[in-house]
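> The following comprises the amino acid sequence and a computationally predicted model.
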Amino acid sequence: ECLIASLRLQEGPDAGEMIDLDVPERLGEGTLERGDSIVVVHYTNPEAVDAGVEYQFADRDRKPALIALIVVFAVAVVALGRLRGLAALAGLVASLAILLSFVLPSILEGNSPLLVAVTGASAIAFVALYAAHGINVRTTVALLGTIASLALTALLGTMFSGVARLTGLLSEEVPFLQLAAGRIDFEGIFLAGLVIGALGALDDMTVTQASVVWELRTAGLRDSRELFRSAMRVGRDHVSSTVNTLALAYAGASTTLLLLFVLSGERITQIGNGEIVATEIVRTLVGSIGLVASVPITTMLAVRLSAAPPEAEEPPETAPPADASPSPVE
């Protein structure tokens, strides 16, 4: 059964009018209160849905809560990072703009999702890194390391997606995309998501490695081999924690699905063999391999491109006092 709610329309053709609306029982008594905001769907041809029905309940209005959270996030970033934090936020906005204005429309137009994703991810890395860290050699090293690691991730993803025969067709959104957009390369969409998903962790890793090399060089470590080994020790610690972060992030996003598999009572090998779980395994491991590879790649580039302190900066030898007597000479 449905409950009846009276509401005032805030926008649309009947803005300002009061209407009575059938609300699904799951959102009825005890969940809707006076003053709540909801979203309704307006049908221009009511007879096509249900005679006499012009509006239907769609969802709650969550925009105020989301806007408040965005403001809190922005304030926290700027409070800690100041101008650099503000630049990072600008890079984030630019990244979202590239995704929405280039990557997604280009995929829908029928272009190769993987090629579009690599191009878009490289553009995002370019804008985000230079915006947050400035235009300098150190940032350029991080960018080069990121792009090289992205290329390796795309290559490995293509290889193992083909070997494992992943189709990308088991997502819940696939039927809707097939109806709305026609023929789409869903395997390519999986690979595109893999590349874009790995980008955030790669940025973090490459920037850290480049900064470590520069700081060690500034601190006086000049021997390239020792510099590389020292930076790699830091990179190993970073990798050991970040790889675990990637795995937990994917597991957290799939918690509901994993619970269903546990309830099914199937063996772990059977669960992993299913395409839904196999897809996440490939996504996690390929992304992690790209992450691991970014450490030596970026470190090597940073060691080669970081300038050693000039010889003139060496402390001069101590000169004898001006009034010192000359040593006797035989």
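Yep, it's here.

> burial count for Asp20?
Neighbour count for Asp20, taken as other C-beta atoms under 10 Å: 10. The C-beta positions use only the backbone N, C-alpha and C, and glycine is treated the same way.

> The helix or strand harbouring it - which strands sit beside it in the sheet, and in what orientation?
If you go by DSSP states H and E, Asp20 is part of strand 18-23. Applying DSSP bridges, strand 18-23 is found paired with strand 3-8 (antiparallel).

> CA atoms only for the strand it pairs with - export them in CSV, please.
What follows is strand 3-8, C-alpha atoms only, in CSV (Å, rounded to 0.1, in the frame of the first residue of the first chain):
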residue,chain,number,x,y,z
LEU,A,3,0.6,6.6,1.8
ILE,A,4,-0.6,10.0,0.7
ALA,A,5,1.7,13.0,1.2
SER,A,6,0.8,16.6,0.5
LEU,A,7,3.6,18.7,-0.9
ARG,A,8,4.3,22.0,-2.5
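
> just to revisit the earlier point, from the rest of the structure, what touches the strand holding Asp20?
2-9, 32, 40, 54-57 (C-beta atoms under 8 Å, 6 or more residues apart in numbering).

> repeat that with 6 Å
For strand 18-23, contacts defined as C-beta atoms under 6 Å, 6 or more residues apart in numbering pick out 2-8, 55, 57.

> And the strands in the stretch 201-330 of the chain, which stretches?
Under the criterion DSSP state E, counting those that start in this stretch, the stretch 201-330 of the chain contains no strands.

> Show me where it has its helices.
With DSSP state H, counting those that start in this stretch as the criterion, the stretch 201-330 of the chain has helices at 224-253, 255-264, 268-273, 275-305.

> What residues of the second one count as buried?
Of the residues in helix 255-264, Phe261 count as buried by neighbour count, 16 or more other C-beta atoms under 10 Å.

> Need the mean per-residue confidence for it.
Over the span of helix 255-264, the pLDDT mean works out to 79.

> Please state the offset of that helix from the chain centre?
25 Å (C-alpha atoms, centre = their mean, to the nearest Å).

> what angle sits between it and helix 224-253?
70 degrees (axes from the mean of the first three to the mean of the last three C-alpha atoms, to 10 degrees).

> Can you check the pLDDT for Val72?
Reported pLDDT for Val72: 97.

> what residue is smack in the middle of the protein?
Central residue of the chain (C-alpha atoms, centre = their mean): Gly200, 4.1 Å from the mean position.

> What strand or helix carries that residue?
helix 186-218.

> Pull out the buried positions in that helix.
186-214, 216-217.

> which secondary element of the protein has the worst mean pLDDT?
Sorting the helices and strands of the chain by mean pLDDT, DSSP states H and E puts helix 174-181 at the bottom, at a mean of 76.

> Run through who's touching that helix.
108, 184.

> what do you get for stretch 205-219?
With C-beta under 6 Å, 6+ apart, stretch 205-219 has contacts from 138, 141-142, 145-146, 227, 230-231, 234-235, 238, 291, 294-295, 298-299, 302-303, 306.

> OK, contacts around the nearest residue to Thr298 once chain neighbours are set aside?
Nearest residue to Thr298, sequence neighbours excluded (C-beta to C-beta, 6 or more residues apart in numbering): Gly145, at 3.1 Å. When contacts are counted by C-beta under 6 Å, 6+ apart, Gly145 touches 206, 294, 297-298, 301.

> Which among the residues you listed count as buried?
Here, 16+ other C-beta under 10 Å leaves 206, 294, 297-298, 301 buried among the contacts of Gly145.

> Now Ile281. Nearest residue, chain neighbours left out?
Spatially, and ignoring its direct neighbours in sequence, Ile281 is nearest to Gly272 (6.3 Å; C-beta to C-beta, 6+ apart).

> and what of Thr284?
In space, and not counting its chain neighbours, Thr284 is closest to Tyr250: 5.0 Å by C-beta to C-beta, 6+ apart.
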